[in-house]
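Have a look; sequence and predicted model below, questions after that.
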Amino acid sequence: MTQIRQYDVGDEPVPGYRLTGFLGSGGFGEVWKATAPGGTQVAIKIINLAMKGALKEFRSLRLVKRIQYPNLVPILAIWLKDPKGEILEESAFEEIAAQPSQLRGTLAAQTLAITRQSEPAELIIAMGLGHKSLADRLEECQRQGLTGIPVDELLKYLQDAARAIDYLNSPRHDLGSDATAIQHCDIKPPNILIVGDAAQVCDFSLARAVDDLRKTSLSFSPVYAAPEVIESNTPSPSTDQYSLAVSYVELRTGELPFPSTATAHVVVQAHLNGNLDLSRLPPAERAVIRRGTAREPSARFASASDLMLALRQACHPQSGAPRRQTLLRWTAASLVVALALVSSALWLHWHAGPRPLQLPSGFAAAPGAKIVKLHERNCPDQIISTRHGLNIPFRLVDSRRTGVFYIMENKVSNEQFARFASENPQVVQNSKWELGASAQKQNLGAAGHERLPVFRVTCVEAALFARWLGGDLPTAERWDAAAGRYEPPPDGEASADRGPFRQPWDPDQPRELQVAVNRGLEGPLPVGTATHDISTPFGCRDMAGNGNEWTGSPRDALERFDPDNPDPLLSIILRGRSYMQPEPLRFKDLDDRLLDEDQKCVDSNLDISFRVAVVFDDLP
């Protein structure tokens, strides 16, 4: 058997990477702290490929080595070494991957034309270095006399872990064929690292592509393992969520959800029978974890982020409603006064009717606007913002899902954004908005195209424009409401084909009569000129095409977007549809995770525009 080299502080397993401290050992090797070229600190994992099963870590690494995500520990470099300590050529990686039966990682001599003495002995991985793991943090808290990690701190770290899990679990990873999902399969406190004030998931030694799960023999940590893994070695899309929920119990209460004297058999049976001991948790959190660790995977939350959102709500419930006053506590005199006040109010209501909506300065009812009675308010169905010398039309939206608000009828135009830019040069000094849209892969420029939608603005710039105009970016839910997503379909229209357009999409009609899509050669249309791109019943335009749009909603519902202090890694949900896409947006696309787009809040793109929503204090 090939012998693994022995390392010590000061050694360089690979040139330029000097070991500075031992961090721990695992099933297949050791983890060290090291100084990399340039003086940066990294973690070095050294794996003995001669040990049975070690090659599984190599193949798992191949799944994730190219994946970059803020809450995943980055893989910086990997090397294979032979028994003499020589680094093998990069071609050795693919050769090992092609030899599934060679558990020792032996290379095929006839393929690489190398001697048997060049067989790989070690796999060395350079990774991002965490400050400590959540398991370390739990021990630290317990030494301070605490039961577990303080709940707000814990929620923040596990929210980061949930974000990483959902990213891995989403079918978006290119592994050489169709986009697929990846299951981590070993989520537990030691594998969640604290990096600065955030958390990153590490140790992908059991990671598996979904397509390979049924034909893979897995090992796992039984304490945190989901029943389907224990029972049949067949992880489900919610397996990692289950392990995260068990980890929450341990980190919150300081104890695993099993008797302290439990044997391995008792632990396994508790998972299989759904008998986890959650008695140490408060009732509201217990109910959430009970669902997150449901015996059947389909009964769990839709995502790990949904689990964490439910836990946050359980830990911080809204303050209770004010205590009710009862008639028994009233005196006879106060009852008479109350009845008199009620009578007066009813008389005023019957004779005076709803009062007009009070619009703030800079907003006025549009000429010809209809008055709509909404919850004892007379609201114009269209208003105009006259701020900063502009006349921008807004449409009234009344949705049971989102309440009452106004939203711009059209996307923000180049002309409108130019006014903002001239008054706020410090905001747009590095902006790319003046490049404008694209046609035939050429920048059109904003100058001379004043009525085209503004493009290449970041979400930060869009949000600051919205504030300047007296509003905000619409949330994704409000955007959907304005597009008509929550309204019943028009008579005769199939629900599956619905979109934010007035008539059913017919690709055989002239494109200029319909929706501004499939226009990579011509570029976008002037705002509001696509005749069929009008939402029902609210009358907003260009929502099915003519460019994607920023919303104010982070992809992670637990995050908050602050344009004054933006997180450059924060992803914001997009709505609408690019003018370069072949077909318009349909509401069913918003339920498809592959089509439901997002973008980092500090990035810009040649097909992302936006519109503004306003919610007045006097709105019902």
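On my side now, so go ahead. All values derive from a computational prediction rather than experimental measurement. Numbering: from 1, shown residues only.

which SS class is the closest residue in space to Asn391 that isn't next to it in sequence?
Excluding the flanking residues, the one nearest Asn391 by Cβ to Cβ, 6 or more residues apart in numbering is Ile384, at 5.4 Å. Heads up, the C-betas are built off the backbone N, CA and C, glycines and all. At Ile384 the chain is in strand, as set by DSSP: H, G, I helix; E, B strand; the rest coil.

Okay, and the residue nearest to Ser431 when sequence neighbours are not counted sits in which element?
Take Ser431 and drop its neighbours on the chain: the residue closest to it by Cβ to Cβ, 6+ apart is Glu461, 5.9 Å away. Here Glu461 sits within helix 459-468, counting by DSSP states H and E.

I'd like the average pLDDT over that helix.
Across helix 459-468, pLDDT averages out at 97.

Dump it to PDB, restricted to CA.
C-alpha atoms of helix 459-468 as PDB (Å, rounded to 0.1, in the frame of the first residue of the first chain):
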ATOM      1  CA  CYS A 459     -30.400  48.100  -8.700                       C
ATOM      2  CA  VAL A 460     -28.800  50.700  -6.400                       C
ATOM      3  CA  GLU A 461     -29.100  53.400  -9.000                       C
ATOM      4  CA  ALA A 462     -32.700  52.400  -9.700                       C
ATOM      5  CA  ALA A 463     -33.700  52.500  -6.100                       C
ATOM      6  CA  LEU A 464     -32.100  55.900  -5.600                       C
ATOM      7  CA  PHE A 465     -34.100  57.200  -8.700                       C
ATOM      8  CA  ALA A 466     -37.200  55.800  -7.200                       C
ATOM      9  CA  ARG A 467     -36.600  57.600  -3.900                       C
ATOM     10  CA  TRP A 468     -35.900  60.800  -5.800                       C
END
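
now what about that helix, what contacts it?
Contacts with helix 459-468, where a contact means Cβ atoms under 8 Å, 6 or more residues apart in numbering, come from 387-388, 412, 417, 420, 423-424, 427-428, 431, 433, 457, 472-473, 550, 552, 561, 563, 566, 572, 599, 601-602, 604, 610, 612-613.

Which SSE is immediately downstream of that helix?
helix 476-483.

Contacts made by that following helix with the rest, please.
Here helix 476-483 makes contact (Cβ under 8 Å, 6+ apart) with 395, 397, 399, 401-402, 405, 407, 474, 486, 499-500, 535, 538, 540, 543-544, 549, 551, 553, 573, 575, 587, 590, 613.

ok, then the element right after that helix?
Scanning forward in sequence from helix 476-483 by DSSP H and E, the next helix or strand is strand 547-554.

Just the buried residues out of the contacts of helix 476-483, in ChimeraX syntax.
Filtering the contacts of helix 476-483 down to the buried ones (16 or more other Cβ atoms under 10 Å) takes a single ChimeraX command:
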select :395,397,399,402,405,407,474,499,500,535,538,540,543,544,549,551,553,573,575,587,590,613
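
Verify the contact between Leu525 and Gly547 for me.
No. Checked against Cβ atoms under 8 Å, the pair Leu525 and Gly547 is beyond contact range at 9.7 Å.

show me where the stretch 1-150 of the chain has helices.
In the stretch 1-150 of the chain, the helices defined using DSSP state H, counting those that start in this stretch lie at 55-64, 91-97, 109-112, 134-143.

any idea of the mean pLDDT for the last one?
In this model, helix 134-143 has an average pLDDT of 93.

Could you pull up the residues touching the residue nearest to Ala530 when sequence neighbours are not counted?
Excluding the flanking residues, the one nearest Ala530 by Cβ to Cβ, 6+ apart is Ala516, at 4.6 Å. Contact analysis of Ala516 by Cβ under 8 Å, 6+ apart lists Pro524, Leu525, Ala530, Asp533, Asp542, Gly545, Asn546, Gly547, Tyr579.

and the second one, how many neighbours?
Put plainly, it is Leu525. Residues near Leu525, counting by other Cβ atoms under 10 Å, number 24.

In the sheet, which strands lie alongside whichever strand or helix holds Arg395, parallel or antiparallel?
Element membership of Arg395, judged by DSSP H and E, is strand 392-399. When sheet partners are counted by DSSP bridges, strand 392-399 sits next to strand 382-385 (antiparallel), strand 403-408 (antiparallel).

what angle do it and helix 476-483 make?
Interaxial angle of strand 392-399 relative to helix 476-483 (axes from the mean of the first three to the mean of the last three Cα atoms, to 10 degrees): 100 degrees.

Could you pull up the mean pLDDT of strand 392-399?
For strand 392-399, mean pLDDT rounds to 95.

any residues touching it, and which ones?
363, 366, 372, 374, 379-385, 404-410, 416, 469, 478, 481-482, 486-487, 538-540, 612, 614.
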